[in-house]
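> 3D, please:
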Amino acid sequence: MQKAGKSVVAVISLSLMLGICASPIHAAPPAEKKLSKEEIFKQRKELLNTWSSLTGIPWFHLAAIDQYERTLNKAHPKKRTATSELLGIFVPKESWSGPLNPDQEDSLPASILLFNGIGLDGNGDGQAQRDNEQDVLQAITQHYTKYGPGPQNFAKGIWDYYHNSRAVQRVLQFSKLYEHFGRLDLFEHAFPLPTTSVYSYQSTWGTKRGWGGRRIHEGTDIFAGYGVPVRSTSYGVVEIKGWNRYGGWRIGIRDLDNVYHYYAHLSGFEKNIKVGDIVTPGQVVGWVGSSGYGKPGTQGKFPPHLHYGIYRDRGLMEWAFDPYPLLRNWEQSEVKRLKQKK
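Sure, this is the predicted structure:
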């Protein structure tokens, strides 16, 4: 971690001169009031926009960092705590106050700086508090912009903070999605096959697989006829596409919850889909087939079906979990929506 530089001092000084940081940008909502999802997204976007205008760092970069931190909170809920309902960024005590600081709860900017902590005063109250939205944003902004403006320097800042290439990839993917759509609420889902088509499925999680050695089934098989459209279940970025000797023609999509959606045994891909593309819920990415269990092009070793798997990134590794409950939920929601339109 780096010491606070002259740029952040200038930003704070300018903010104080203009009276912008004399009081919190967002007063915390009353404890008894429960904000709706729409209100939370609106206030979070306002917070990010305000900080973007103060610092020059694009709001979608800040949003991507915040969302990546939220996914780590989900993966390690006992180890991490979000700053607030509006901001999910978590900074460990030792990083905030400095690893050699005898007072790990230190909130004095001068002593934090002395011990090479990243904590900064972002709202002009003379304190650098780890649970204050403006203070955390000031510290994070300073860190991610220390290499200068531009996407490449932003990526350097991500690497310098996490020292993890997976984190760099995830934050850049999230930033791409936010920039493209211009909003935060991108968590809708769709069933992977049209609910008007003929298909069947049941929970096949954990069953034994015979081909390719002893292994368990990490997903749900949805049986349908050749050529039934396979659709993205979420907003996301295409992370991988091509042949896998187990899954045949397969495609992988990463969403904003840092969940990887795996679609296998396809008969083919939608012709315009490529790695790095942004997809939306219900968008066709391929078609049901029976590819796999062999060299590229192998077909017909089993009945046509879609193998759908889902994996959560914990930061350093991914783990699979049973998609069946989610599939049932998405299916029922889509059927209900279609009935309401009639």
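
> if I've got this straight, residue 176 is in a strand?
No - counting by DSSP: H, G, I helix; E, B strand; the rest coil, residue 176 is not found in a strand; it is helix.

> Check the gap between it and residue 72 for me.
19 Å (CB to CB, to the nearest Å). Glycine gets a C-beta too; all of them are placed from N, C-alpha and C.

> With neighbour numbers in mind, choose between those two.
residue 72 (22 against 16; other CB atoms under 10 Å).

> where do the strands sit along this structure?
199-201, 208-209, 215-216, 220-224, 229-231, 236-244, 248-254, 259-269, 278-279, 284-288, 305-313, 318-320 (DSSP state E).

> So which of those strands is nearest residue 298?
strand 248-254 (6.8 Å; CB to CB).

> dump the residue contacts of the closest residue to residue 154 other than its chain neighbours.
Excluding the flanking residues, the one nearest residue 154 by CB to CB, 6 or more residues apart in numbering is residue 61, at 5.9 Å. Neighbouring residues of residue 61 by CB atoms under 8 Å, 6 or more residues apart in numbering: 144, 154, 175.

> State the distance from residue 61 to residue 231.
To residue 231, residue 61 is 30 Å away according to CB to CB.

> same deal with residue 87?
From residue 87 to residue 231 the distance is 33 Å (CB to CB).

> And those two? Which one has more around it.
residue 87 (24 against 21).

> State the pLDDT value of the residue lying closest to the more buried one once chain neighbours are set aside.
Leaving aside its sequence neighbours, residue 87 sits nearest to residue 133 (CB to CB, 6+ apart; 4.7 Å). Model confidence at residue 133, given as pLDDT, is 92.

> Likewise for residue 58?
93.

> what's the answer for residue 143, then?
pLDDT at residue 143 comes out at 83.

> Any figure for the gap between it and residue 101?
Distance from residue 143 to residue 101, by CB to CB: 17 Å.

> how many neighbours does residue 140 have?
Neighbour number of residue 140 under other CB under 10 Å is 25.

> Wait, it touches residue 63, no?
No - Residue 140 lies out of contact with residue 63 (CB atoms under 8 Å); the separation is 11.9 Å.

> burial measure for the closest residue to residue 189 other than its chain neighbours, as a count.
Spatial nearest neighbour of residue 189, chain neighbours left out: residue 330 (4.9 Å); criterion: CB to CB, 6+ apart. Other residues within reach of residue 330, judged by other CB under 10 Å, total 20.

> got it, and residue 200?
If we define neighbours as other CB under 10 Å, then residue 200 has 9 of them.

> wait, what's in contact with the closest residue to it other than its chain neighbours?
Leaving out its chain neighbours, the residue that sits closest to residue 200 by CB to CB, 6+ apart is residue 223, at 5.2 Å. In this structure, residue 223 makes contact with 199-201, 303-305, judged by CB under 8 Å, 6+ apart.

> low-confidence ranges in the stretch 151-300 of the chain?
Counting by pLDDT under 70, the ranges of the stretch 151-300 of the chain that qualify are 208-216.

> Isn't residue 301 up against residue 289?
No - when contacts are counted by CB under 8 Å, residue 301 is not listed as touching residue 289 (11.3 Å).

> These two: which has the busier surroundings?
Applying other CB under 10 Å to residue 301 and residue 289 shows that residue 289 carries more neighbours, namely 23 against 13.

> any idea how far residue 225 is from the more buried one?
Distance from residue 289 to residue 225, by CB to CB: 10 Å.
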